Every structure is written in C-alpha cells, then in structure tokens.
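Trainee: Everything below, folded, please.
(chains A, B, C and D, ligands or ions: 2)
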Amino acid sequence: MLNVPQIRSDFPILATEVYPGVPLIYLDSAASSQKPVQVIEAMDDYYRHTNANVHRGIHRLSEEATNAYEAARAKIARFINAPDPAEVIYVSNTTEGINLVAYSWGRANIQAGDEILLTEMEHHANLVPWQVLAEEKGAVIKYVPFLADGTLDLTAVPALLTERTKIFAFTAVSNVFGTVNPVKQLVKLAHDAGAIALVDAAQAAPRMPLDVQDWDCDFMAFSAHKMCGPTGIGILYGKRALLEAMPPFQAGGDMIRRVTLEGSTWNELPWKFEAGTPAIAEGIGFGAAVDYLNGLGMENVHAHEQFITNYALEALSEVGGLRVIGPPASQRGGVTAFTLEGIHPHDIAELLDKDGIAIRAGHHCAMPLHHKLGINSTARASFYVHTTTEEIDKLVASLHRAKKVFRL
Amino acid sequence: MLNVPQIRSDFPILATEVYPGVPLIYLDSAASSQKPVQVIEAMDDYYRHTNANVHRGIHRLSEEATNAYEAARAKIARFINAPDPAEVIYVSNTTEGINLVAYSWGRANIQAGDEILLTEMEHHANLVPWQVLAEEKGAVIKYVPFLADGTLDLTAVPALLTERTKIFAFTAVSNVFGTVNPVKQLVKLAHDAGAIALVDAAQAAPRMPLDVQDWDCDFMAFSAHKMCGPTGIGILYGKRALLEAMPPFQAGGDMIRRVTLEGSTWNELPWKFEAGTPAIAEGIGFGAAVDYLNGLGMENVHAHEQFITNYALEALSEVGGLRVIGPPASQRGGVTAFTLEGIHPHDIAELLDKDGIAIRAGHHCAMPLHHKLGINSTARASFYVHTTTEEIDKLVASLHRAKKVFRL
Amino acid sequence: MLDESMYREQIIDLYQNPLNYGHLEDADWTYEEDNPLCGDVIEVDVKLDENGRVADIAWSGDGCAISQASASLLTDAVKGLTLEEVRNFSKEELLEMIGVPLSMARVKCALLSLKVLKAGAYGMPDPKSLHQHIDDEA
Amino acid sequence: MLDESMYREQIIDLYQNPLNYGHLEDADWTYEEDNPLCGDVIEVDVKLDENGRVADIAWSGDGCAISQASASLLTDAVKGLTLEEVRNFSKEELLEMIGVPLSMARVKCALLSLKVLKAGAYGMPDPKSLHQHIDDEA
Ligand SMILES: Cc1ncc(COP(=O)(O)O)c(C=O)c1O
Ligand SMILES: Cc1ncc(COP(=O)(O)O)c(C=O)c1O
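Mentor: Ligands and ions are numbered 1, 2, ... in the order given. Model (predicted):
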C-alpha cells in the first residue's frame, strides 16, 4: 500500500488554504492531477541550468537538453512497455494524440462507407475527431452501448464490428463512470474483425499499470497533466509499422529530413510527427512524473484507488437522495460521479468549495453519456494517490451541509 | 537603453558554468531564449498554489487558474495590439500556428491552380506546411527571391502576386540573415493583389514592438520559448472574420459547444481552435514573459540588439576568413550567421563550446536559403537582452583560437 | 466554514418555486440556448402585445439555483417592456436584482436567461416590420 | 580554457588532406545520404573485385572535421573486405579508429560515412545474385 502521509508531503499544493483556515481537499484529479515537488523541481531546474533548444545543437546545454528530453521519452516507453521509444510520439495532450491519428492515419485509410466503432461513454476527445473525419469521408460511426451499471455491453461488440470497420477507438477507463474496460479483450475483438484498435488511456495511465504489448493495441494516447506531470504534453504510442506508413501530421522544423523549394522528405520516427520546437521542459517534467509513479509502484497506486473508491462508495451511500452512477468499486478507477436530488451539480460544487473541497460539476466532456442518462450534468469526485479516508468523511459531511442549505 | 547588468541577474542560467571555471556565454537565443526568474517562478508558483484544469471548473483553484490563463491571453493581445483577446489562439509553437492556418483556412480556401507566395528565406515552419497543402490541392508555390545582401527583392513582389495568389506568407525577421522585412509594405502589396497575409513573427516577437493593427496582417504566429517564455506554447493571431469563417482544426473537449452521437457544434472564439486541456502553466508563463519584456520596453530591447549587433559585426569583420551573411546592422535583428574559411560550422560550434560559448551550427531549418548560397550550413551567433560587448569580445577571441587549432 | 451568502433564502425560494415557469402556446418568439459550462439549456417564450411590449413570458429548462432564480427574476422584470427595452436590458441590472456575490463561472449561469432572451429579441424584426410580417401572413 | 582533445593532429590532418576522396568511374554501387543535423551530404562509391571484395572505394562530400576524417579512415579500412564484412562493420570499430571523445551529436557526424556505406551495401544483391544480375545484363 501507499504511504499516504509521506506522499502528501510531496505535493506542495496540499498545504495551501483555499480560504483562510480552510485547507484544500482536492478531489478533482481526473480533470488534472496535482504535481509532486519532484516534478515541479525537475522543470524549474531545467530552466535554471539546462535550458536550450534540442536536436540540432552542438553546444553543451543543447546536448544536455536533448539527452534529458530523449531520456524522458525512453522512460515513458518503458512505463507502457513499448518495444521502442521511437514508437512514442510527444503530443500536447490526449486530444492531440487522437487528432493526429484521425488526421494522418484516418485521412489515408478511411473511405466512404467505412465504419468507425466508438462507445457511448467516450470523452469528446475520442468522439469529435472521428465525427469530423467521418463527415469528411462519408464514413459511418457506430457506438457500443453501455448498460445501466455503466459498463459496456460486451455482447453487442462482435455484431458492431463488421468487415467495414476500420478502427475501434475506446477509452480504457471512463472519466464519468470510472468503469475500467476490458482493453485486451476489446483489442482482440477488433483485430479478429480486421480493424485496428486505439485506446484512450487518459484516465488509465494515471491509475493502473499499462502494457501496450500485452494489450496489443495499435495506438494509445494519454496526457501528462493527469498523472503528476505538467500541462502541455502527452504522448501517442503507435505500432512502428503503422507509424512508418502514415504521412506526417503537422509540418515544419525537426520533422523533415531535407527541404528544397520543390518539396521535402520526412525525418525518421518519432520525429516525423513532431514539428517545431517541442515542449522540452514539459517532456522532462513528464519523465519526472513517470519516475515518481514508478517509485510508488503502479500496482500500489491502483490498489490505493480501489481502497479509497470502495470507502467513498460506502460513505456516499449514506447520503439520502445521492445516486452514484457507474459500476461497483471493483470495476472502477478512482472516479465517482453522482447526482443529489434537489441540488444541481453546480450548486453542490459551489457549496463544497466553501469547505475547501474541489470537485467537478458538469458534463465532463461526455455529453452523449449524460444525454443517454437523461441528465445534463453530474458532480464528480475523483481520488488519487494523496486522497485519505478523512477527506472522504469531510466530503460526506459537506454534502450533508449542502442539503441543509437547500432545506433538504 | 537596457540596464544589462541588472537584466543578467534576472537570468539564473547565466550564473552557471558550462565546464569548471568556464561561465556560460549564451549566444543561441534565436533558437530558444533563456528565461528570467520572473517567468520560472510564475510557473513554479502556479504548480504549487493554483494548479487545476480550466474553463469548466467551479471550485476556487479552477477559477483562479482560468483567470490567470485568460489574463495571460489578454496580455499577449495587448502586446501585439490585437483588437480583441478572442483573436489570440494558443498553440504549441509557431509551427503549429502556421499548420493551423494551412489546415483550417488552407483546406477550405485553396484550390487547384491557386498560388501561395512565400520567400526564399523562410524557416521550414513557414515552408513545409504550404508544400503539403499545395501538393494536396494542386496549388502552386512561388517564392520571392532574396538579394546578395540577404534582403528580399522587393521589386519582384508585385509581379509574383497574381490574381491567383490567395496568401502571402513571410517572415518578419529572417532567422539566418537577421533581415528585418518591411512587413507593413508586404502586407499592403498582398492586400492590393487580393491575397491575405500571414506573418511568421517567431524572430520578430522577441526583438521588436509588434502591432497587428498597424501592419494589418491577417494572421501572425510566434512562440513563447524564443521570447523569455516557456516551451510548449505560442500563439496564432487571426482577424476575427477569418477565424469565424474557418472550420476548427483539432477537435475534442473545450472547442465544442454541444456534442451528440450524431454531430457537434463549435464553441466561440478563441476556444473553437483550442482542443483538449490547454498548456495552462505555459500560458501563465507566457504572460509573465510578456510582462517582463514590457518592463524592459520593446523599443529598448530593439535598440540594445541593434547596438550589440553593430558591435558584433565590426568585431567579427576583423577575423580573417570570416564572412557574415545578411544585411548591415541597421537592417537586422540580433541574429548573425557566418562562415569561416577552412573550418566547418560544426567544428566552430564545438570549439567555441569549450570556451563556454553557445552558438548554433547547421542549416537553422532554412535549407533552401543555404542551398541558394551554395553552402550546407552556417555558424550562427544570436544576441539578446543580456548580451554584453565583453561576450562579443570573447566570441572573437575564441574564433581566433579555433583558427589556431585548425592551423589557419 | 460554510459561507452561504450565495444561497440566500430568496435564491433557494425561487429555485424551488420558480416564477413564470412553463411554455406559452401563442409565443411571438421562442429561443433556447445552453450553458457550455454544464450543458444546461434554458428556453424563453415571449408574447408581445399590440404595442410591441412584452405581454407574457415564460421560461423552462434545467439548471442550477443561480440560473433558475435569475430566469425567474428576469422574466418578471421584463413584463411590459418594449422590444427595444428588452434588447437594452443590461447584465448589471440583472446581477443587481440577483444581489449575491458571484464568481466568474457563475456569472455565466446567472446571465444565461438574459442571453437567451436577448438573442431571441435580436432575432426578431423590429416592431413595425413584425406587424407587417404578421399582416402579410394573415 | 580550450580543450582540443577532439581535434588531435590526426583529425586535422585527415580533414585537410583526406584519403580516398573523389569518385569512381566504374563503381558497382554509389550511395549518398545527408546528416539531418546540418544537411551535410556524403557519397560513397564502391568497386568490388571478382571475389566480391572491395577493390576500390572513394568518397566525396562536404562536412565537419569529424565526418571527413571518419570517411577517410573508414574507406581505408574496408578495402579488401567482403560485402558481408562491410555489412557487419561495427560502429564501435569505427569510433575506436577515430579515437577521440565525441558527444552524442558528433557521434552522428562520425558515423555518417559508415551509414552511407552500409546502406549501399545492404541495397546490393548478395554476391552470387549480383554476378547473375551482371551476367543477365551481358
Ligand atoms: C523564423 C522562424 N519561424 C519559425 C520558427 C519555428 O518556431 P517553433 O520551432 O517554435 O515552432 C522559428 C524558430 O526556429 C523561426 O526562427
Ligand atoms: C477519458 C478521457 N479522454 C480524453 C481526455 C482528454 O484529455 P486532454 O484534455 O488532456 O487532451 C480526458 C480528460 O479530460 C479524459 O478523461
């Protein structure tokens, strides 16, 4: 298990007071996690001692910056068990990773009448890029439905994967239900049907061990900012053969090999997909975040989330009128969305904030999911490595107080 | 004029030693500038005290993060005299800004036979995206030639702008010659011919006052990392009417208004073009960089660069076999590329590095420019607000020593 | 420490017992829009009298206490106003009526009903041509 | 303090007076590639003897002292080797011949000529089919 008190001392923000005398209880890690001092200092240190542009420089700083930036890529590759760091492409966030695939692979491989399979629980990031592509190409999007408990209807998948299906793109962990989807099984179903599989790991990467070789997925994307790392960076993993065959996405410096006024040839992987000066400090910060999580052990991170989620689901079940959506703790990551009868999620968030408790309220970029449930929004508390049972108790107490304000 | 000693104390990296006893002389600001402590601390402070995802949050941290991030946008808008912060779109760097235009505006507006006008001195970032677009659409690219002194052949421009020209995209300052191009005049020529104008301000933004209303350009892009700001962020300015008419570039969270399984509608400007969790800390750091430069005064920054460049050109002229490319100091920003007979630029850079002097060697992502000059690479020293005449003297001394090593 | 200033009695009252809630059968115009923050939608139906003044108004939709209380207060306040006066109804006026301190994000909630009302009002032809239009149809 | 260890006499000598510099009229293969770091290009021409060994070799191109010295040393070293041996010529061997400490970026410069040579060698059919191919053409 995790040593939570020690972990808490790594996160400087946890020592701040939201209002005088009101310490922060941060239950919004699924939107963006807090950063341990190890990550903040890695970037600070980079800017103070090593900062320089990478890849084309011969001077000492540029060499050091390049080494640190590429070493971070190698760490991330190991973190997901990618066979080769060249298969790890830096992007700005999960969203850009998926857009890269939709633009580069999608424009080259999707034709009129082809099918794209998604699920009804996708985040907009794994929905809208495909809608844009499908509209442009005259392709068809199909959706795997979810069941009342917030898990996917797995029995529906085989029939939805037809010979026209070119790609099955789905989330590993739902950012609303918290559902952990059976990635390996879904990838296999896609492959059996002759489709490739893309995994949105934005919520999985922070919370559980990832293994792209075991999953055998063709693409996977996630963001640093949800896993102790900085904003402005994420990665797209892709199998080498696919990446090699794809045209570049954005064009400019670094991704080219030779440029003449008549045309250009592309650089090798991974740089073919990285145009312009990269997010260098952010790459280094991402590497430090991976070190930090490895230090904790992803198995332990996962176990702690399960423990806290279990505790939270029990505690929340005692609040009258509160309805948690999604499956039991054993099938979910540390994300718990709920409604409270008679109080709108915005008002819950606002009232909880006065007690220093940060949660999200809204559609969490999953409007179709909410639409199917017949609601516009939910309140969402999400837990991470620093979350304690005392914090959950305070959450529950604050919900009771909110009900009082609303005379419920 | 600038108070250079005081400025130097703002840049922590300038106190480092590259090798024991060898202090850093950083003459590679055109590749990426160093960061003052004010910028480093703004980001550090953000991560320690305010970090949260923006835009959709109701809790205190999210509100504060959103305010700080949007306040930075407003600062950047004022910095370039944009009429409205909604016309300032955050991107990862200059390269992405130009790609955004090439993808979104370009795919919607360029047809077979249309012409795109560039110049022979463009950075790959303002070249390759247009080549990709032109190839896809069957459009034609033309180039404004440069003259022997590294300035554009302005007499050639009117004839190159035909009724088929849809866009004239050019750099405000060459990253090799240092040439300051007559932006306002070039924009007017483009408009007179019925074309729109895009300005690559990657090298101009760090060095001189910018005024998009005076220039009347339609698009302008630049990166934070070259102007005291962090990596991973830049902006694209666009005139509102153009941006409104353009389809989104990347798709995902934040850039949508409403998503259903059948389709989506877009958010308003600027968010229509900002998909996914943005580079929040970087936006805040960018704002701090703009504050810093405003504190110095961009007129003063420009004057200092002219002074140092003038000094450097004189000092370098005394090194036998050394040939500076580009115009006289009065027509250039603080970028000085040169060759030294009998020593390859790589070797110059390597030998200078041993004296702690960081310069660039290579094609500086401007292969066509070098190709026209009949050389593969140049050595480039670039100066910034912290550069002193003593550093230039050391550069010259180190060049003399390099010659000795090569028995010249 | 719970600071409930935003949730004064009046706000909770209006949330739980909204004014002018529902639909108008014979509205001159109907407009709806959502709050991108949360997906909440508000619809406003307006009926003008022969002088071009708001004769009746109703709103519907789902939302937070602030947006719902605001819609109640706003729809009450614009009864009897001309199209022109509706178009000029200021944000400040509405915020003052609500009268509780609001954060930036919640200001959007508070102003949603006004946005919907004004967007509808601007979409309307000005009174004369409106009546012409109606005459034309008759 | 100037540390010139990278620029030992031998390197400068070879830079200023390269070995095997030029072109072969009757090369069995020719291959060129650039160093993406700087755009420098190296071309290598190879002539095999009847036993499939390197009979003659020449290189040309522009570049830094390290890449040029490396090309001189490499081309000298592979004379007499079989196609198979050329393909297996290791980076380490070449770096050892150069014998000066190199940073990561400069290792690329040092290995450019080897990359070009090996890419050409891999592009060649193996000796038997090569001669068949030549026979076929004759
Ligand atoms: C003139 C010019 N344009 C564009 C760029 C590209 O900037 P970035 O790499 O930050 O996208 C640069 C910098 O390398 C430049 O000097
Ligand atoms: C499941 C899922 N996918 C994608 C995203 C998008 O991540 P980002 O905003 O970092 O691109 C998120 C986070 O909001 C998410 O939870």
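
Trainee: how much distance is there from the helix or strand harbouring residue A:198 to the middle of the chain?
Mentor: Element membership for residue A:198 (DSSP states H and E) is strand A:196-200. Centroid separation for strand A:196-200 versus its chain: 13 Å, with C-alpha atoms, centre = their mean, to the nearest Å.

Trainee: Grab the nearest non-local neighbour of the residue nearest the centre of chain C.
Mentor: For chain C, the residue sitting closest to the mean C-alpha position, by C-alpha atoms, centre = their mean, is residue C:113 at 3.9 Å. Nearest non-adjacent residue to residue C:113, counting by C-beta to C-beta, 6 or more residues apart in numbering or on different chains: residue C:71, 3.8 Å away. For the C-beta atoms, the positions are set from N, CA and C on the backbone; glycine is no exception.

Trainee: got a pLDDT number for that neighbour?
Mentor: Here the pLDDT value assigned to residue C:71 is 96.

Trainee: quick revisit: now do the helix or strand hosting the residue nearest to the centre of chain C: which elements does it pack against?
Mentor: Here residue C:113, judged by DSSP H and E, is contained in helix C:104-123. If contacts are counted by 3 or more C-beta pairs under 8 Å, 6 or more residues apart in numbering or on different chains; DSSP states H and E, helix C:104-123 sits against helix A:345-354, helix B:60-79, strand C:29-34, strand C:41-48, helix C:65-77, helix C:83-88, helix C:91-98.

Trainee: deepest of these, which one?
Mentor: helix A:345-354 (a mean of 26; mean count of other C-beta atoms under 10 Å in any protein chain shown).

Trainee: so how far is it off the chain centroid?
Mentor: Worked out by C-alpha atoms, centre = their mean, helix A:345-354 lies 25 Å from the chain centre.

Trainee: which residue packs closest to residue A:381, ignoring adjacent ones?
Mentor: Nearest one to residue A:381, counting by C-beta to C-beta, 6+ apart, is residue A:27 at 4.2 Å.

Trainee: Taking strand A:196-200 as reference, get the angle to the strand or helix carrying residue A:221.
Mentor: Element membership of residue A:221 [criterion: DSSP H and E] is strand A:219-223. Angle of strand A:219-223 versus strand A:196-200, following axes from the mean of the first three to the mean of the last three C-alpha atoms, to 10 degrees, is 10 degrees.

Trainee: which residue sits closest to residue A:304, ignoring its sequence neighbours?
Mentor: Per C-beta to C-beta, 6+ apart, closest to residue A:304 is residue A:2, 4.6 Å.

Trainee: Go ahead and confirm the one you found touches residue A:301.
Mentor: Yes: with contact defined as C-beta atoms under 8 Å, residue A:2 reaches residue A:301; the gap is 7.0 Å.

Trainee: Need the overlap of contacts for those two.
Mentor: residue A:385 (C-beta atoms under 8 Å, 6 or more residues apart in numbering or on different chains).

Trainee: can you list the residues of the stretch 151-300 of chain A near ligand 1?
Mentor: A:253, A:276, A:277 (C-beta under 6 Å from any ligand atom).

Trainee: if we can go back for a sec, lowest average confidence across the helices and strands packed on helix C:104-123, which one?
Mentor: Among those, strand C:29-34 carries the lowest mean pLDDT (a mean of 90).

Trainee: Name the surrounding residues that touch that strand.
Mentor: So strand C:29-34 is contacted by B:257-258, C:24, C:40-46, C:61, C:112, C:115-117, C:119-121, C:123-124 (C-beta under 8 Å, 6+ apart).

Trainee: For PyMOL, what selects the buried ones among these?
Mentor: Per 16 or more other C-beta atoms under 10 Å in any protein chain shown, the buried members of the contacts of strand C:29-34 correspond to this PyMOL selection:
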select buried, (chain B and resi 257+258) or (chain C and resi 24+40+41+42+43+44+45+46+61+112+115+116+117+120+121+124)
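
Trainee: Adjacent strands (with direction) for the helix or strand of chain A with the lowest mean pLDDT?
Mentor: Taking mean pLDDT, DSSP states H and E as the measure, strand A:256-260 is the helix or strand of chain A with the lowest mean score, a mean of 86. Taking DSSP bridges as the criterion, strand A:256-260 forms sheet pairs with strand A:263-266 (antiparallel).

Trainee: Let me see the residues that make contact with the strand it pairs with.
Mentor: A:248, A:251, A:255, A:256, A:257, A:258, A:272, B:124, B:127, B:128, B:131, B:135.

Trainee: Can I get that strand in PDB? Just the C-alpha atoms.
Mentor: Provided in PDB are the C-alpha atoms of strand A:263-266 (Å, rounded to 0.1, in the frame of the first residue of the first chain):
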ATOM      1  CA  GLY A 263       9.400  19.600 -51.800                       C
ATOM      2  CA  SER A 264      10.600  17.800 -48.700                       C
ATOM      3  CA  THR A 265      11.400  14.400 -47.300                       C
ATOM      4  CA  TRP A 266      10.500  13.300 -43.800                       C
END
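
Trainee: Which strands or helices does the strand holding residue A:221 pack on?
Mentor: helix A:94-100, strand A:196-200, strand A:234-238.

Trainee: Minimum distance to residue A:140: which of these has it?
Mentor: Nearest to residue A:140 among these is strand A:196-200 (16.7 Å), distances taken as C-beta to C-beta.

Trainee: report the angle between the axes of the closest one and strand A:234-238?
Mentor: 160 degrees.

Trainee: can strand A:196-200 be found next to chain B?
Mentor: No: Strand A:196-200 stays clear of chain B (C-beta under 8 Å from any C-beta of the partner chain), getting no nearer than 10.5 Å.

Trainee: ok, residue A:199 touching residue A:214?
Mentor: No: using C-beta under 8 Å, residue A:199 is not in contact with residue A:214; the gap is 11.9 Å.

Trainee: And those two? Which one has more around it.
Mentor: Legend: neighbour count by other C-beta atoms under 10 Å in any protein chain shown for residue A:199 and residue A:214, higher for residue A:199 (28 against 12).

Trainee: Specify the beta-bridge partners of that one.
Mentor: residue A:170, residue A:220.

Trainee: That one and residue B:343: what is the separation?
Mentor: 51 Å (C-beta to C-beta, to the nearest Å).

Trainee: before we move on, back to that, CA atoms only for the helix holding residue C:113 - export them in CSV, please.
Mentor: Output of helix C:104-123 as CSV, limited to C-alpha atoms (Å, rounded to 0.1, in the frame of the first residue of the first chain):
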residue,chain,number,x,y,z
MET,C,104,-16.9,34.5,-12.9
ALA,C,105,-18.1,31.0,-13.8
ARG,C,106,-21.4,31.5,-12.0
VAL,C,107,-21.9,34.9,-13.7
LYS,C,108,-22.4,32.8,-16.8
CYS,C,109,-25.1,30.8,-15.1
ALA,C,110,-26.7,34.0,-13.9
LEU,C,111,-26.7,35.6,-17.3
LEU,C,112,-27.9,32.6,-19.3
SER,C,113,-31.5,33.5,-19.3
LEU,C,114,-30.7,37.1,-20.3
LYS,C,115,-28.6,35.8,-23.2
VAL,C,116,-31.4,33.6,-24.4
LEU,C,117,-34.0,36.4,-24.0
LYS,C,118,-31.8,39.0,-25.9
ALA,C,119,-30.7,36.6,-28.6
GLY,C,120,-34.4,36.0,-29.3
ALA,C,121,-35.2,39.7,-29.2
TYR,C,122,-32.4,40.5,-31.6
GLY,C,123,-33.6,37.7,-33.9
